[in-house]
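S.K.: Got a predicted structure plus its sequence, pasted below:
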Amino acid sequence: MAYVLGFFAADGYITVNKRGGQFWCIQITDKKILEQIREAIQSDHKISVRVRSGNESTLYRLQIGSIEMCENLRRLGFSERKTKSLVVPNVPEKYFSDFVRGYFDGDGNVWTGIIHKQRKTRNFAIQASFTSCSKVFLESILERLAMYNFDGGSVYKIKENCYRLQFGTCDTLKLYNFMYNHGSHLEDSLFLERKREVFERYGKLRNLRW
């Protein structure tokens, strides 16, 4: 459930209709992971489809009506307007890697390529990042990751009301191990395969042993 909570922190929201009905929702473009989330929470709610025009990807939404669940999310710090007020909930240590992986799959990115192109010695690097409208949220993630021997990482503003937490190669490799090899067995875990594959391809090219 920590993964689902992390994913909700990235791509979820709470809504209240005119009749007072309360719903928590996740809306994304990846139907497969949304189906896995629905299975993880043991729900049989329908996943709705929204086809968009032009080159925009189709959106899939899981919406669950539950006053109790919405109140629980509020107690964890997720309000209706959580975008700028987002905080890291008090996730137990043994589940924190799952929470981070969930948020990474929602609002994270991993990139590989050549850096320092102007130098004689170029470096094939891998970098991971998280984005959020809440600077405090990213700083809190960085602070908690420092407890797991993460030495670097920096939070900076990328545009108005939007911030990025970025890691260099060394800490990005630590992040891979933390998210995918820490705690529960990977075969029992939720994750976006396409993001994990970026780490895996880099590891093979560099002959790394995870």
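M.R.: Ah, there it is.

S.K.: domain parsing for the chain?
M.R.: 2-81, 94-205 (automatic domain parsing).

S.K.: V87: which of those domains is closest?
M.R.: domain 2-81 (4.1 Å; C-beta to C-beta). To be clear about C-beta, it is placed using only N, CA and C from the backbone, and glycine gets the same treatment.

S.K.: what's the average pLDDT for the closest one?
M.R.: Mean pLDDT, domain 2-81: 92.

S.K.: measure it end to end?
M.R.: 21 Å (C-alpha to C-alpha, to the nearest Å).

S.K.: ok but L62 is inside a strand, no?
M.R.: Yes: the assignment for L62, made by DSSP: H, G, I helix; E, B strand; the rest coil, places it in a strand.

S.K.: which ones are touching the residue most central in space within the chain?
M.R.: Closest residue to the average C-alpha location of the chain: Y103 at 1.8 Å, with C-alpha atoms, centre = their mean. With contact taken as C-beta atoms under 8 Å, 6 or more residues apart in numbering, Y103 is in contact with 6-7, 9-10, 130, 141.

S.K.: Using the three-state scheme, assign the residue of the chain positioned farthest from its centre.
M.R.: If you look at how far each residue of the chain sits from its centre, by C-alpha atoms, centre = their mean, the farthest one is K120, at 36.0 Å. What three-state DSSP gives for K120 is coil.
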